[in-house]
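K.L.:
got a predicted structure here, sequence first:
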Amino acid sequence: MTVWSRAAGPPPEGAPFALVERTTRGLVLTAINPAARALGLHSGQAHADARAIAPQLESVPAEPEHARAALERLALWAERFSPCVAIDGDQAGLEGLFLDMTGGAHLFGGEARLLAEIERRLAAAAIPARAAIADAPGGAWALARFGDRRLAPVGCTRETLHDLPVEALRLSEGALKLLRRFGLKRIGDLYALPRAGLARRFGERAPSGKDAIELVRRLDQALGVDHEPLAPVRPAPLYRAWRAFAEPMIDMEGVAWALPALVQALATQLERDGRGARRLVLTAFRVDGRTTSIEAGLSAPAAAPAHLLRLLKERGLERLDLGFGADALMLSAGQPEALSSRQGELASKAGGAMAGEAALAALIDRIEAKLGEGSVVRPVLRQSHIPERSEAWTAAGTKPAGTGGELDGPPRPLFLFDPPEPIETLAGVPDSAPAHFVWRRVTRKVFRAEGPERLSPEWWRAKADPRGERTRDYFRVEDEDGRRYWLYREGLYGREDQARPPSWWMHGVFV
């Protein structure tokens, strides 16, 4: 195997070059350049066979994870053209992107200008690519890789694909062999065959019915008869505002100048549907093909332009790394929620309370914009009879999942130790409250005691938290000075199933 060192730079221009990967069949070619393709090499070919045909072939091991990461970065760059960008990586060496341009090509001067703009930008970044537009993703895939024409007029995909080879249908090697056996070389040769008869005829000759089913499905997807859903690299926002610039912006003053109009446009969309944003994302598309963004979370859904603008500014526009400049800005609203009706103009108690809630939410948003998300928290109840698990801290703007259950029962101290602190005890009766205990090197005599209150362990969580794997007996005790404590004994006396003797712990104090 001839391996080209990455440290030596790219292979000589015009030399046959390939990426190879080790499989169960040995080394195979996963991607080749035009020079290697001109010699008759193809993806999926055994490396030994390729070297026999072209001894001068240079090759390096493929790195699929790096290629995937690069394709994902390119997909994020392509969001300047469409909010729905999906990665097409099913066939090695033929990777690409799908852009859903439904209703959006006119923003770039039409479909022909859109194709020219995409190819121009990719060529400027030294990325060789071919772009095509059709009624369906499968048709665009075929035109981009095998067609002389790369723009199928609306409703004319069938005619445009007629003379393309059957390899343009994204078929497996097994299905292609079947087609060659019957002398079907062009996509148009399949049009006259009924779908049911086509699947039945090929299903009889195929080792398995999968190739026949795949043939019909891929043909229908290419013609737009069968819908082919796309999985975008990130879900398209329901609400977004977009602004492109003739000249790249190179400083924050340009961003600050364009931001109020973006915020107003986004707020108009939200208010029209009675929705509010719970997350704002400001994305700048840089001229070098990268994107940079800042995000701001909201504690409550909001659509007021002044509040959204202030929040983004306090988040820090300087966090945007514009590099050599940005030629487009996009502001999107994530996690939109319905806005509750508010009537704060009336001088009523209800109106005042609602206005206070809005002011509190705005204050939380501003604090988190300065200090970071999650910096403002509040306690919530949880469904658990274990004291240290019956409450938790959550983000201030998070809606509680539930009330946490009833609060009736024996009194609980307001101050708990987490974790509980060990104590030494002297008990007159093993299962009763201690007569004396030593806590923090001070001996205390018990004057009055109540209990026990037995809490069984949460057996389904014992392995996750060893502290909750034993039975607890809680006592409320009072010492000679009137101080009240909440003690518990972990484990039971006289139980053979206990791996270690019972121990005593201080869990809280009553204040």
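P.N.:
The structure has been received and is ready for your questions. What you see is a predicted model, and the numbers here were worked out from it, not measured in a lab. Numbers count the residues shown, from 1 in each chain.
K.L.:
could you pull out the helices in this structure for me?
P.N.:
34-38, 47-53, 64-77, 111-124, 137-146, 157-160, 173-181, 195-205, 210-223, 252-272, 305-315, 349-371 (DSSP state H).
K.L.:
who's in contact with the third one?
P.N.:
Applying CB atoms under 8 Å, 6 or more residues apart in numbering, the external contacts of helix 64-77 come out as 21, 85-87, 89, 95, 97, 127, 233-234, 285, 289-291. For the C-beta atoms, the positions are set from N, CA and C on the backbone; glycine is no exception.
K.L.:
and Arg441, how far from Ile423?
P.N.:
11 Å (CB to CB, to the nearest Å).
K.L.:
tell me which of these two has more neighbours.
P.N.:
Comparing Arg441 with Ile423 by other CB atoms under 10 Å, the one with more neighbours is Ile423, at 19 against 6.
K.L.:
how close does the more buried one get to Leu487?
P.N.:
Taking CB to CB, one finds Ile423 at 7 Å from Leu487.
K.L.:
distance of Gly494 relative to Pro430?
P.N.:
In terms of CB to CB, Gly494 sits 8 Å off from Pro430.
K.L.:
and what of Phe285?
P.N.:
For Phe285 relative to Pro430 (CB to CB), the value is 73 Å.
K.L.:
got a list of what Met252 touches?
P.N.:
Per CB under 8 Å, 6+ apart, neighbours of Met252: 317-318, 320, 322.
K.L.:
follow-up on the earlier one: hey, what's in contact with both of Ile423 and Leu487?
P.N.:
Here Ile423 and Leu487 have 437, 504-506 as joint contacts, going by CB under 8 Å, 6+ apart.
K.L.:
out of those, which two sit at the greatest distance?
P.N.:
Phe437 and Trp505 (10.3 Å; CB to CB).
K.L.:
hmm, back to that, so for Phe285 and Pro430, which residue has more residues nearby?
P.N.:
Neighbour tally, Phe285 and Pro430, criterion other CB under 10 Å: the higher count belongs to Phe285, 25 against 10.
K.L.:
please name the bridge partners of that one.
P.N.:
For Phe285, the beta-bridge partners are Thr291, Ala328 (DSSP bridges).
K.L.:
quick one: contacts for it?
P.N.:
The contact partners of Phe285, by CB under 8 Å, 6+ apart, come to 77, 79-80, 291, 326-330.
K.L.:
and for Pro422?
P.N.:
With CB under 8 Å, 6+ apart, Pro422 has these contacts: 503-506.
K.L.:
switch to 10 Å and redo it
P.N.:
438-439, 490, 503-506 (CB atoms under 10 Å, 6 or more residues apart in numbering).
K.L.:
tell me the bridge partners for it.
P.N.:
As for beta bridges, Pro422 partners with Trp505 under DSSP bridges.
K.L.:
coming back round to it: just the shared contacts of Ile423 and Leu487 now: which is nearest Ser59?
P.N.:
When the shared contacts of Ile423 and Leu487 are compared against Ser59 (criterion: CB to CB), the nearest one is Trp505, at 66.1 Å.
K.L.:
pLDDT wise, what is that closest one at?
P.N.:
Per-residue pLDDT puts Trp505 at 93.
K.L.:
also the one 5 residues further on?
P.N.:
Predicted confidence (pLDDT) for Phe510: 91.
K.L.:
and what of Leu329?
P.N.:
91.
K.L.:
could you count how many residues lie near the nearest residue to it once chain neighbours are set aside?
P.N.:
Leaving aside its chain neighbours, Leu329 sits nearest to Arg243 (5.0 Å; criterion: CB to CB, 6 or more residues apart in numbering). Per other CB under 10 Å, the neighbour tally for Arg243 reads 13.
K.L.:
and Glu247, what is it in contact with?
P.N.:
So Glu247 contacts 254, 325, 327 (CB under 10 Å, 6+ apart).
K.L.:
and of these, the nearest to Ala112?
P.N.:
Asp327 (20.8 Å).
K.L.:
count of neighbours near the residue nearest to the closest one when sequence neighbours are not counted?
P.N.:
When the adjacent residues along the chain are set aside, Asp327 lies closest to Pro248, with 4.8 Å between them (CB to CB, 6+ apart). Pro248: 17 surrounding residues under other CB under 10 Å.
K.L.:
can you tell me how far Pro248 is from Phe324?
P.N.:
With CB to CB as the criterion, Pro248 and Phe324 are 7 Å apart.
K.L.:
need the overlap of contacts for these two.
P.N.:
Contacts common to Pro248 and Phe324, judged by CB under 10 Å, 6+ apart, are 286-288.
K.L.:
and these as a markdown table, adding distance to Phe510?
P.N.:
As requested, the shared contacts of Pro248 and Phe324 are exported to a markdown table (distance: CB to CB, whole Å):
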| residue | distance to Phe510 |
| --- | --- |
| Arg286 | 60 |
| Val287 | 66 |
| Asp288 | 64 |
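K.L.:
return the member of those nearest to Val154.
P.N.:
Val287 (32.4 Å).
K.L.:
next up, the contacts around that closest one.
P.N.:
Counted by CB under 10 Å, 6+ apart, Val287 has contacts 121, 124-125, 248-250, 322-328.
K.L.:
among those residues, which ones are buried?
P.N.:
Neighbour counting with 16 or more other CB atoms under 10 Å marks 121, 248-249, 322, 325-328 as buried within those.
K.L.:
closest to Trp393 among the residues you listed?
P.N.:
Within those, the smallest distance to Trp393 is 36.9 Å, found for Leu322 (CB to CB).
K.L.:
from Leu329, how far out is the closest one?
P.N.:
10 Å.
K.L.:
what do you get for Glu111?
P.N.:
Counting by CB to CB, the separation of Glu111 from Leu329 is 24 Å.
K.L.:
the two: which has the busier surroundings?
P.N.:
Set side by side, Glu111 and Leu329 show more neighbours around Leu329, with 22 against 18, by other CB under 10 Å.
K.L.:
touching, that one and Ala256? I think so.
P.N.:
No - Leu329 is beyond contact range of Ala256, at 11.0 Å (criterion: CB atoms under 10 Å).
K.L.:
returning to that earlier point: farthest-separated two in the contacts of Phe285?
P.N.:
For the contacts of Phe285, the maximum inter-member distance is 14.5 Å, found between Trp77 and Leu329 (CB to CB).
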